[in-house]
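Enquirer: No letters, just coordinates:
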């Protein structure tokens, strides 16, 4: 580390640690010490840490993404269009994005119920339940996938109960939905729980003294306060579900046009050495996800602005 | 501000709690129970035999080797990135942090696909590397690259907010008093973030050992050679060897449970020393 790259502070009055950024306005009357793109600092090691970070990100994130962005154009617009406009690809994209939307929506409702119970009440087994919510983050997707397939297969624990009623889950879009729900639950719970916990008790008690019933209190006070975290949780669960592969492919049955998800199509294209086709689907998935996330962020901003007024 | 402390439930609250518990049992408990139930369906003997299979053992070995390289690499990256981002002010910081986050919003399949586009037979560098006799795809290197990409943000995401919150006062004091840069980092910064680092490493490791989609794309599923544990689970399952598949799956589920227990313990014990705003 280049300890000598920055001047050691002279003894005497304490220096602001980050001159310029949060220093009082008076300080900026002195000639700015800012040289170029970064502010001077007492601490050493910026150059090596930054160089390593940039090199690492360039080789492991940016170069691969450049390959993804460049490859679909091998056969020009025509090639890209031929891949994306095929009914099978369209059906897979519709299934992936549509079911991810539904799953994230259902998770908003059930995630709120779970978060509410965990944040607001004491009950036996609460710590266990609380820790269990994170399991989908830790459990490998392939393990969740084969477990769900076994449970919901026609002869499985739940599948056998549903079969007499004529409900088929495994190897149908309903199975895909169940897998996507399991994947997204923790995003909502972990997003909402801290907000619920920190909600100002006095505001709620004031509403109580003013005669608001528990339901009205919830609707008019707590839910609006939760909306931003619910939206964030929704978008995280949605993004995760769109790209989900391992926990879906075993239960999905993977029938073209019916229960085939978009990530699986990438794998299929690669198996046929159609790199351009695989990259086309991958790029569109990534761009669509980014577009959805940006839209949700804008909605979030608009909601926050309206809330402040 | 006084926050709402949890209360003893009464009346309709029990309904809410029951709904929450039923949902957790259905979505999380049932699949976990199924893994162990199916693995021991034909008794403990079949379970042990499935795990003693040479292909299963080589899958376990490969998984451990990949994690043993990928996790330290990403921990090192996390420390470097957090040092640069949290302790210094520079233009483009927001952009840098967004780039670090990208792997989280990519489908695992895409995280594998990109390496095929670079190093596959028809990839950018495929032919060149082939001439040199270097094989990346369907090989250890490809599996490692895919794993590193998928788990890249875990440690950085844990350290950056915490180190930002801690500021630079302690480090500046150490430097002013004459400590060298490395000594300051090892004796001031590192102890302050030790538990958060461990937390990030835990999550990174769980994902590295359990990653399926990205690794599946680059591995080629060669038994005994390029199958990690999750891939071996898939191969066995597709061969209708359910006891075998679920037996290997119990190891991965066990890893998830241990990770979860350690993570919860860290959260209860060291809440103040971990980053705020959990995902």
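Expert: That came through fine. Every value quoted in this text rests on a predicted model; they were computed, and no experiment measured them. Numbering: from 1, shown residues only, chains lettered A, B, ... in the order given.
Enquirer: report the longest helix in chain B, please.
Expert: For chain B, the helix with the greatest residue count under DSSP state H is helix B:54-87.
Enquirer: How far does it sit from its chain's centre?
Expert: Centroid displacement of helix B:54-87 relative to its chain, using C-alpha atoms, centre = their mean, to the nearest Å, is 9 Å.
Enquirer: now swap in stretch A:93-104 and tell me
Expert: 14 Å.
Enquirer: buried ones in it?
Expert: A:93, A:95-97, A:99-104 (16 or more other C-beta atoms under 10 Å in any protein chain shown). Every residue, glycine included, has its C-beta placed from N, CA and C.
Enquirer: Go through the residues you listed and name the one nearest chain B.
Expert: Nearest to chain B among the buried residues of stretch A:93-104, counting by C-beta to the nearest C-beta, is residue A:96 at 9.2 Å.
Enquirer: so the closest one sits right up against residue A:264, yeah?
Expert: No. Proximity of residue A:96 to residue A:264 does not meet the contact threshold set by C-beta atoms under 8 Å, at 9.2 Å.
Enquirer: burial of residue 247, as a residue count?
Expert: Using chain A. 30 (other C-beta atoms under 10 Å in any protein chain shown).
Enquirer: if you could check chain B rather than the one you did, that'd help
Expert: Residue B:247 has 27 neighbouring residues, counting by other C-beta under 10 Å.
Enquirer: so what pLDDT did it get?
Expert: For residue B:247, the model assigns a pLDDT of 97.
Enquirer: show me what contacts the residue lying closest to residue B:213 once chain neighbours are set aside?
Expert: Distances taken as C-beta to C-beta, 6 or more residues apart in numbering or on different chains place residue B:108 nearest to residue B:213, at 3.0 Å, with adjacent residues excluded. Residues near residue B:108 by C-beta atoms under 8 Å, 6 or more residues apart in numbering or on different chains: A:141, A:243, A:245-246, A:263, B:150, B:211-214.
Enquirer: Could you rerun that using 6 Å?
Expert: In this structure, residue B:108 makes contact with A:245, B:150, B:213-214, judged by C-beta atoms under 6 Å, 6 or more residues apart in numbering or on different chains.
Enquirer: Need the buried residues of stretch A:93-104 in a markdown table (columns: pLDDT).
Expert: Formatted as a markdown table, those follow (pLDDT from 0 to 100):
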| residue | pLDDT |
| --- | --- |
| A:93 | 95 |
| A:95 | 96 |
| A:96 | 95 |
| A:97 | 95 |
| A:99 | 97 |
| A:100 | 96 |
| A:101 | 95 |
| A:102 | 97 |
| A:103 | 97 |
| A:104 | 97 |
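Enquirer: Closest to residue A:171 out of the residues you listed?
Expert: Distance to residue A:171, by C-beta to C-beta, is smallest for residue A:95 among these, at 13.6 Å.
Enquirer: Tell me the secondary structure at that closest one.
Expert: Three-state assignment for residue A:95 (DSSP: H, G, I helix; E, B strand; the rest coil): helix.
Enquirer: Excluding covalently adjacent residues, which one is nearest to it?
Expert: Nearest non-adjacent residue to residue A:95, counting by C-beta to C-beta, 6+ apart: residue A:261, 6.1 Å away.
Enquirer: How much space separates that neighbour from residue B:237?
Expert: To residue B:237, residue A:261 is 18 Å away according to C-beta to C-beta, to the nearest Å.
Enquirer: Looking at the two, which one has more neighbours?
Expert: Applying other C-beta under 10 Å to residue A:261 and residue B:237 shows that residue A:261 carries more neighbours, namely 29 against 21.
Enquirer: Would you mind confirming that the more buried one makes contact with residue A:96?
Expert: Yes. With contact defined as C-beta atoms under 6 Å, residue A:261 counts as touching residue A:96 (4.9 Å).
Enquirer: Quick check, the residue in the stretch 51-200 of chain B closest to chain A?
Expert: residue B:107 (2.7 Å).
Enquirer: Grab the nearest non-local neighbour of the residue nearest the centre of chain A.
Expert: Nearest residue to the geometric centre of chain A (C-alpha atoms, centre = their mean): residue A:236, 2.3 Å. Distances taken as C-beta to C-beta, 6+ apart place residue A:187 nearest to residue A:236, at 4.2 Å, with adjacent residues excluded.
Enquirer: Give me the neighbour count for that neighbour.
Expert: Neighbour tally, residue A:187, other C-beta under 10 Å: 26.
Enquirer: Surely it touches residue A:231?
Expert: No. Using C-beta under 6 Å as the test, residue A:187 is too far from residue A:231 to be in contact (11.5 Å).
Enquirer: Give me the residue ranges of the stretch 51-200 of chain A where confidence is low.
Expert: A:200 (pLDDT under 70).
Enquirer: Quick one: mean pLDDT over the longest helix of chain B.
Expert: pLDDT averaged over helix B:54-87 gives 97.
Enquirer: Tell me which helix or strand comes right after that helix.
Expert: Downstream of helix B:54-87, the first helix or strand assigned by DSSP states H and E is helix B:93-101.
Enquirer: What's the separation between residue A:247 and chain B?
Expert: 9 Å (C-beta to the nearest C-beta, to the nearest Å).
Enquirer: If anything else comes up later, I'll come back, but that's it for now.
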